[in-house]
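> Sequence and predicted structure are below.
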Amino acid sequence: MTTNPNPLISVITPAFNAEKFITQTIESVLEQTYSNWEMIIVDDCSTDRTIELITAYSQKDNRIKLLQLEKNSGSAVARNVAMKNAKGKYIAFLDSDDIWFPGKLEKQLHFMQEKDIAFSFTKYVRITEEGQLKNSISIAPEKVVYKDLLKHCVIGCLTVMLDREKIGGLEMVNIRTRQDYALWLEVTKKGFPAYGYAEVLAKYRIVQNSISRNKWKAAKRQWYVYRNVEKLGLVKSIWYFLHYALKGIYNTLQYKFAK
């Protein structure tokens with residue numbers, strides 16, 4: 001069976017009150033050197049100009065598709081709606097305040113096809129809310145398996161690409177945060193390791209007061225994933241949580257010195 005060298009890639013983007021950054025996000029997809037993509041943006045009942053801005057793009061380029069939720073439901077629901085409507089062999093994630101470098105899709109697709117893998121991620125660089133580059137780049141280990149992820153998640157959602165023909169159905173757990181992490185755990189637990197592409201291909205925006213910035217709440221969500229999603233026993237949960245906490249402290253100190 002001949003593999004299609006230029007398969008459709010579905011870009012999954014949840015959006016809520018994203019007027020400040022959504023145009024930069026969409027432009028970074030339009031600037032991709034790989035052109036066979038569709039961008040499915042699911043608006044989660046925005047009250048600003050988000051819908052107006054997305055609509056303007058979708059009218060100019062039919063690869064950009066806008067879907068609207070009837071009630072505010074969170075990013076997990078928005079991503080799941082997008083994935084259910086996606087037609088691509090590959091799924092890639094990009095939040096409404098993040099940015100890709102132009103060669104992201106092309107390089108990552110080639111990497112996955114060459115290695116015949118189902119799950120990949122790349123390095124990313126952090127930027128300020130205003131878009132200035134910070135001296136902080138993520139790591140991308142060559143291979144990450146389920147037990148590695150339980151200790152610490154090195155995978156940035158904005159860099160992930162999944163081959164759903166290999167993996168099968170994809171759906172995120174409906175929790176406010178860490179739903180992407182829960183999906184990575186599910187996929188790796190099925191026997192599909194995540195492979196890192198050691199090049200910076202995306203920009204992760206540090207937005208103040210965002211849900212993911214609250215470290216205490218993030219720790220509680222991590223514990224929730226261990227106990228309620230993965231259903232780990234108490235001892236195992238404590239063991240992995242200690243790894244998570246120590247790595248978090250190390251990363252925080254490293255991040256402060258990198259400012």
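Received it, and whenever you're ready, just let me know what you need.
> In terms of helices and strands, where is Leu67?
Using DSSP states H and E, Leu67 sits in strand 64-68.
> got the buried residues for that strand?
Ile64, Lys65, Leu66 (16 or more other Cβ atoms under 10 Å). Placement of C-beta: from N, CA and C, glycine included.
> From the contact counts, what lies against it?
Secondary-structure packing of strand 64-68 (3 or more Cβ pairs under 8 Å, 6 or more residues apart in numbering; DSSP states H and E): strand 37-43, helix 50-60, helix 75-85.
> Between these, which one is closest to Leu105.
With Cβ to Cβ as the criterion, Leu105 lies closest to strand 37-43 of the helices and strands packed on strand 64-68, at 6.3 Å.
> how far off strand 64-68 does the closest one point, in degrees?
Here strand 37-43 points in a direction 20 degrees away from that of strand 64-68 (axes from the mean of the first three to the mean of the last three Cα atoms, to 10 degrees).
> Paired strands for strand 37-43, with orientation please.
Looking at strand 37-43 with DSSP bridges, its partner strands are strand 9-15 (parallel), strand 64-68 (parallel).
> Run through who's touching the last one.
With contacts defined as Cβ atoms under 8 Å, 6 or more residues apart in numbering, strand 64-68 is touched by 26, 29, 38-43, 45, 51, 54-55, 57-58, 81-82, 85.
> Next: the first one.
Residues outside strand 9-15 that contact it (Cβ under 8 Å, 6+ apart) are 22, 25, 29, 34, 36-44, 46, 50, 54, 75, 78-79, 82-83, 86-96, 105, 109, 161.
> And whatever helix or strand comes next after it, what's buried?
Using DSSP H and E, the helix or strand that follows strand 9-15 in sequence is helix 22-30. Using 16+ other Cβ under 10 Å as the test for burial, helix 22-30 gives Ile22, Thr25, Ile26, Ser28, Val29, Leu30.
> What of stretch 198-218?
Here stretch 198-218 shows Val200, Leu201, Ala202, Lys203, Tyr204, Arg205, Val207, Ala218 as buried, counting by 16+ other Cβ under 10 Å.
> For the second one, give me phi and psi.
Going back to what we said before, that points to Leu201. Dihedral pair for Leu201: phi -120, psi 10, per degrees, to the nearest 10.
> I figured it was touching Leu109, is that so?
No - the pair Leu201 / Leu109 is not scored as a contact, 11.4 Å apart, by Cβ atoms under 8 Å.
> Quick one: residues contacting Arg227.
Leu234, Ser237 are the contacts of Arg227 under Cβ under 8 Å, 6+ apart.
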